[in-house]
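Trainee: Prediction below, plus the sequence it came from.
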Amino acid sequence: MEFSPKLSDNIKRLHEKLDVQSNFDVVYRVIHMAGREACIYFIDGFTKDEVWLKILPGFAAIKEEDMPPDAHTFSKKYLPYGEIGLIKDEEQMIIQLLMGISCLFIDGYDTCITVDCRTYPARGVSEPEKDKVLRGSRDGFVETLIFNTALIRRRIRDPKLTMEIMSTGESSHTDIAICYFKGRVDEKLLTMIKDRISKLEVDALTMNQESLAECLYPHKWFNPFPKFKFSERPDTAAASILEGNIIILVDSSPAAMILPSSVFDIIEEADDYYFPPVTGTYLRLSRLVIAILTLFMTPTWLLLMQNPEIIPSWLQFTRLSEVPQVPLIFQLLILEFAIDGLRLAAVTTPSMLTTPLSVIAGIVLGEYSVKSGWFNSETMLYMAFVTIANYSQASFELGYAFKFMRMIMLITTAIFNYWGFLGGVLLSLCAIVFNKTIAGKSYIYPLIPFHFSELKKRFFRGRLPHKQK
């Protein structure tokens with residue numbers, strides 16, 4: 001519905017639509033200028049007051065004979081501050097207002113003048129807790145979209161860096177920024193992503209990027225291995241853009257979604273590149289080996305304990321020192337769930353109590369659980385290693401994918417022994433091999449299809465590319 005040239009009609013309709021009497025943060029002010037009435041609408045807390053303090057004295061100085069005939073001319077002549085727009089549609093104006101943009105109506109004009117002088121509550125761009133590095137930049141993404149795009153722009157000063165804005169959600173109208181580098185991005189994938197976002201039929205992205213990820217890739221939800229890489233580091237996002245990847249930023253989310261992402265992309269971390277090639281290669285290979293160990297260590301140990309005759313002489317020390325009171329499979333599964341319970345408890349524990357409760361949990365659940373007969377010391381040892389090793393890579397999603405596959409292998413090994421272990425291994429391999437990225441390519445490229453030079457880059461960190469003058 002379009003606006004009326006009569007200001008009183010516009011105010012009456014907008015008061016009904018916005019329910020101004022009930023919503024205390026929807027603020028409107030009626031002012032006089034050049035013999036006419038005008039009305040300003042804005043959301044309290046979203047507007048920079050100093051911008052309007054500069055604009056309003058100029059309105060008071062306008063003479064009646066100097067008043068332009070239309071809103072377009074008025075905006076060019078008397079609004080020198082802020083990003084200015086013109087809107088004639090009422091629904092679009094309401095969406096813009098609720099996003100934090102101030103709206104100005106002047107009697108005699110059938111067009112709303114928007115003044116973008118927004119400011120959002122935001123925290124500092126400090127280093128993210130999960131994506132910490134030993135060396136490198138210490139800034140991180142925050143919940144404000146414009147801050148996040150600025151952190152990327154700061155690192156890539158090239159006009160080919162493109163950041164397109166879209167919105168989705170019938171109620172939330174959530175802003176989504178698609179960032180890519182022209183000439184390096186997969187145009188077919190980019191078109192597909194933009195097409196899927198534009199056709200989303202959702203009420204709101206309640207869980208930010210996770211909601212968007214499930215809408216973009218609704219297939220094979222039962223496969224736990226992640227289809228996207230998430231990072232809270234702007235240097236990682238900038239490097240991915242320069243490699244030809246697409247970065248998706250969602251307003252109110254402090255993480256970037258990187259796609260397409262293979263399993264090798266997800267395992268990579270910024271520390272691999274903040275150290276010399278030899279050190280970076282060591283860190284990358286050690287992380288890969290530790291990830292494999294977290295998947296196979298406890299199922300392999302359970303298989304050996306069920307079949308002690310196959311244990312070689314040099315591994316005899318791995319045998320149980322005491323007869324288990326509780327079957328090993330139950331010990332391992334109980335510990336798998338107990339560790340997740342402790343992790344959830346640590347998240348919700350007040351920071352002042354974290355240290356004393358950690359000490360109590362370590363003593364009670366460690367020493368006394370073994371003495372009580374519930375667990376064997378060997379079971380506690382291997383599960384402690386698996387738990388700590390899970391934190392060697394930053395992706396929560398990949399860590400839980402390994403956990404689910406490990407639990408399946410434990411159950412199948414306990415029930416079917418050799419064949420169960422082999423079946424669990426094959427199931428884990430199939431879950432990785434037959435997985436696909438959002439671009440439809442192999443999840444384990446360059447292993448399948450095989451590409452030696454690219455595979456070497458995945459395992460060994462070479463020198464960073466540079467141009468000779």
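Mentor: Arrived safely.
Trainee: What residues does the residue nearest to residue 380 when sequence neighbours are not counted make contact with?
Mentor: Ranked by CB to CB, 6 or more residues apart in numbering and with sequence neighbours excluded, the top spatial neighbour of residue 380 is residue 370, at 6.2 Å. Every C-beta, even on glycine, is put in place using the N, C-alpha and C of the backbone. When contacts are counted by CB atoms under 8 Å, 6 or more residues apart in numbering, residue 370 touches 376, 377, 380.
Trainee: In the stretch 301-450 of the chain, where is pLDDT below threshold?
Mentor: Within the stretch 301-450 of the chain, the segments meeting pLDDT under 70 span 352-368.
Trainee: Where does residue 438 sit: helix, strand or coil?
Mentor: Here residue 438 is recorded as coil under DSSP: H, G, I helix; E, B strand; the rest coil.
Trainee: Can you report phi and psi for it?
Mentor: Backbone geometry at residue 438, expressed as degrees, to the nearest 10, gives phi -70, psi -20.
Trainee: Secondary structure element holding residue 374?
Mentor: Under DSSP states H and E, no helix or strand contains residue 374.
Trainee: what does residue 30 give?
Mentor: strand 26-33.
Trainee: May I have that strand as PDB, with CA atoms only?
Mentor: Presented in PDB, the C-alpha positions along strand 26-33 are these (Å, rounded to 0.1, in the frame of the first residue of the first chain):
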ATOM      1  CA  VAL A  26       8.700   2.700  18.800                       C
ATOM      2  CA  VAL A  27       9.200   6.500  19.000                       C
ATOM      3  CA  TYR A  28       7.700   9.200  16.900                       C
ATOM      4  CA  ARG A  29       8.100  13.000  17.000                       C
ATOM      5  CA  VAL A  30       6.000  15.500  15.200                       C
ATOM      6  CA  ILE A  31       7.900  18.700  14.200                       C
ATOM      7  CA  HIS A  32       7.300  21.800  12.200                       C
ATOM      8  CA  MET A  33       9.300  23.000   9.200                       C
END
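Trainee: Output the contacting helices and strands for that strand.
Mentor: helix 7-18, strand 36-43, helix 49-60 (3 or more CB pairs under 8 Å, 6 or more residues apart in numbering; DSSP states H and E).
Trainee: Now the buried members of the contacts of residue 370.
Mentor: For the contacts of residue 370, a neighbour count by 16 or more other CB atoms under 10 Å gives the buried set as 376, 380.
Trainee: so where's the stretch 101-250 of the chain shaky on pLDDT?
Mentor: 219-220.
Trainee: What segments of it are helices?
Mentor: For the stretch 101-250 of the chain, the helices defined by DSSP state H, counting those that start in this stretch occupy 145-153, 187-198, 209-216, 234-242.
Trainee: Can you give me the buried ones in the second one?
Mentor: What that stands for is helix 187-198. Of the residues in helix 187-198, 189, 190, 193, 196, 197 count as buried by neighbour count, 16+ other CB under 10 Å.
Trainee: returning to that earlier point: nearest to residue 181 among the contacts of residue 370?
Mentor: Comparing these against residue 181 with CB to CB picks out residue 380 as the nearest, at 49.3 Å.
Trainee: Regarding that closest one, what is its secondary structure?
Mentor: For residue 380, the secondary-structure state derived from three-state DSSP is helix.
Trainee: I'd say it and residue 369 touch.
Mentor: Yes: the pair residue 380 and residue 369 passes the contact test of CB atoms under 8 Å, sitting 7.3 Å apart.
Trainee: Just the pLDDT at residue 271, thanks.
Mentor: Per-residue confidence (pLDDT) for residue 271: 84.
Trainee: where's the closest residue to residue 226 other than its chain neighbours relative to residue 316, distance?
Mentor: Excluding the flanking residues, the one nearest residue 226 by CB to CB, 6+ apart is residue 397, at 3.6 Å. Distance, residue 397 to residue 316, by CB to CB, to the nearest Å: 38 Å.
Trainee: Residue 45 in helix, strand or coil?
Mentor: Under three-state DSSP, residue 45 falls in the coil class.
Trainee: circling back to that earlier point, tell me the buried residues in the strand holding residue 30?
Mentor: Using 16+ other CB under 10 Å as the test for burial, strand 26-33 gives 26, 27, 33.
Trainee: now swap in stretch 330-346 and tell me
Mentor: 331, 332, 334, 335, 336, 339, 342.
Trainee: From those, which land in helices?
Mentor: Residues of the buried residues of stretch 330-346 located in helices (DSSP state H): 331, 332, 334, 335, 336, 339, 342.
Trainee: quick one, the longest helix along the chain and helix 209-216 angle?
Mentor: In the chain, taking DSSP H as the definition, the longest helix is helix 396-433. Interaxial angle of helix 396-433 relative to helix 209-216 (axes from the mean of the first three to the mean of the last three CA atoms, to 10 degrees): 20 degrees.
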